[in-house]
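[1] Take this sequence and fold it.
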Amino acid sequence: MARAFQLIKNQDFIKTLKFSLLQFENEFNITANQHIANKLGFKTSAQFTNLLQPFNEKYMKVDELFLILDNLDTHSKHILDYICHRYGFVCSSKATAENNTIDNTKDLLLSIGGSNGSLFNDFLLSIQDKHLDLEEIENLEKKAYQTRALLNQFEHDLKEKKKAL
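    All right, here's what the predicted structure looks like:
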């Protein structure tokens, strides 16, 4: 029964988690593995590091992932983006009343235009040889995801403005 609450190991997920830990570590000038190991109640940071090894028999539990996300705060966005993208969803930050101004919405719309233009330009450059290779496809997928996330945020901002009326 305990198996149902464990996360399957995935190389890309582990790489994304390690990237978020590194960003957290660089911002706060602490050893992220030790910090998270303490929060998870491990005796040593090696116990946490072992969870991040793809061929280790121990698996991370869902509640451990939630605790990691809680502690990484804004650095958890990469992890959430990975999970959402893997299952065909988009992760966007929640708009707050103080950030949901007309100027911020205008800036967001400008970002959408820029992101969309960049996607279109990358596509045109990619098809010059009449063939899309794997690297080009992955780049286009990433840009499309980023554009979709901005559109999602814009839509959310408008819904929040509508609620406030």
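[2] What ranges in this structure fall below the confidence cut-off?
    Confidence mapping of the chain against pLDDT under 70 gives the ranges 1-8, 93-100.
[3] one more time with 50, if that's ok
    Within the chain, the segments meeting pLDDT under 50 span 1-4, 97.
[4] now the helices: where do they sit in this structure?
    Secondary structure of the chain by DSSP state H: the helices cover 11-28, 32-40, 45-51, 62-72, 77-86, 102-126, 134-164.
[5] of all those, which lies closest to Ser92?
    Closest approach to Ser92 among the helices of the chain is made by helix 134-164 (4.3 Å; C-beta to C-beta). The C-beta positions use only the backbone N, C-alpha and C, and glycine is treated the same way.
[6] Run a quick neighbour tally on Gln11.
    Using other C-beta atoms under 10 Å, Gln11 has 8 other residues around it.
[7] err, His131, not the other one
    So His131, with other C-beta under 10 Å, has 8 neighbours.
[8] Over to it: give its phi and psi.
    Backbone torsions for His131, taken as degrees, to the nearest 10, come to phi -150, psi 140.
[9] Next up, the contacts around it.
    For His131, the contact set (C-beta atoms under 8 Å, 6 or more residues apart in numbering) is empty.
[10] Including distance to Ser92, could the helices of the chain go into a markdown table?
    Putting those into a markdown table (distance: least, C-beta to C-beta, whole Å) gives the following:
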| stretch | distance to Ser92 |
| --- | --- |
| helix 11-28 | 17 |
| helix 32-40 | 25 |
| helix 45-51 | 28 |
| helix 62-72 | 16 |
| helix 77-86 | 9 |
| helix 102-126 | 10 |
| helix 134-164 | 4 |
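[11] what's the distance between Leu21 and Ile30?
    Leu21 sits 11 Å away from Ile30, going by C-beta to C-beta, to the nearest Å.
[12] I'm done for today, thanks for sticking with me.
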